[in-house]
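>>> need a 3D model of the sequence below.
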Amino acid sequence: MPIHEIRAFNRFYTNLIGALDYSKHLRAPYTLTESRVLYELAHSSRTDAVDLRVTLSIDAGYLSRLLTKFERAGLVERGPSRTDARRQRVTLTPRGREAAALLDERSREAVGSLLSGVSPEDRPRLAAAMRMVRDLLGRTGTRPPEGPVLRDPVPGDLGWIVQRHGALYAAEFGWNTDFEGLVARIVADFAQDHDPYLERVWIAELDGRPVGSVMCVRDDTPGTARLRLLFVDPAARGHGLGERLVKTVVEFAYEVGYREVVLWTNDVLVAARKIYQRAGFTLVAEKPHRSYGVDLVGQDWRLTLQKGTAT
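All right, here's what the predicted structure looks like:
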């Protein structure tokens, strides 16, 4: 392919997405680079400055100035990494998460507007062409293939959690709609009332679609977080996503000051129980019960958080 064809495409696409005037394009006061930094921070429970620099190929001095700007605006907090004192840890503040969520919403609106001009029958071809470009050009770089990314939920994601839990557990374990009702109540309670500093939901996304979830909420016991609704879609298995979601909850809980993390599960969920064990959780109680139309053994697991837990 002639070089001028690629350059022509680059000019076309950067103009199409408003890359040269990104703040105007998304009606937000952030450049494309600033928006990318906020996006990366929003999709990880903990990001060191060096990770941002490597991931985004940003000059260290420029990144430092950008983070200073964000810190002054109350969007980020910086401190020493808990795993390496020589590294700087960067986390979003509640205000920063709001800004990242707004950018994500505006970006989705912009893409939706862009797609409105493409006929429904042509959209699969467009998506396939974009994947092909990524696959072919991605082979020329040194980065490994992209895996699932973690992000905050957007409108529709909480409903997706309920639907996928209900469908998958019915298919794999024969559970009835009582379980889907339980998940719906958990999700509704979070949506209606939660502390954004102490409670969060993460959605795992792969190839542009949700494939996993996990939730961290306050337990009734002071100083205790509860891990809920760990889910990995069959299409995303094999990426170590379950371990990553659990680790994200543990790191988050440790960083915001919880002393322990607890969870309740059932003995038939063998894969999930192995993940909890590898993360350091200890089985503390078991009790038989009949729920969701089947006989089960409920289990309580607990993890004490201490220095080194979140490494």
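
>>> helices of the protein, residue ranges please.
In the chain, the helices defined using DSSP state H lie at 3-16, 22-26, 32-42, 49-56, 60-72, 94-115, 123-138, 157-173, 177-192, 241-255, 270-278.

>>> and the longest one, how far out from the chain middle?
In this case it means helix 94-115. 15 Å (CA atoms, centre = their mean, to the nearest Å).

>>> mean confidence for it?
Model confidence over helix 94-115, given as mean pLDDT, is 87.

>>> what's next to it, contact-wise?
Applying CB atoms under 8 Å, 6 or more residues apart in numbering, the contact partners of helix 94-115 are 16-18, 25-28, 30, 35, 38-39, 41-42, 70, 73-76, 92, 123, 151-152, 154-155, 196-197. Placement of C-beta: from N, CA and C, glycine included.

>>> hang on, the earlier thing: got CSV for the helices of the chain, with distance to residue 291 too?
Converted to CSV, those look like this (distance: least, CB to CB, whole Å):
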stretch, distance to residue 291
helix 3-16, 51
helix 22-26, 46
helix 32-42, 35
helix 49-56, 42
helix 60-72, 46
helix 94-115, 35
helix 123-138, 40
helix 157-173, 11
helix 177-192, 7
helix 241-255, 22
helix 270-278, 16
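
>>> quick one: which of those is nearest residue 233?
Closest to residue 233 of these, according to CB to CB: helix 157-173, at 6.5 Å.

>>> elements contacting that closest one?
helix 177-192, strand 200-206, strand 209-218, strand 224-232 (3 or more CB pairs under 8 Å, 6 or more residues apart in numbering; DSSP states H and E).

>>> neighbours around the residue lying closest to residue 173 once chain neighbours are set aside, how many?
Counting by CB to CB, 6 or more residues apart in numbering, residue 268 is the residue found nearest to residue 173 once chain neighbours are left out, at 6.1 Å. Around residue 268 there are 16 other residues, counting by other CB atoms under 10 Å.

>>> next: residue 257.
Residue 257 has 11 nearby residues by other CB under 10 Å.
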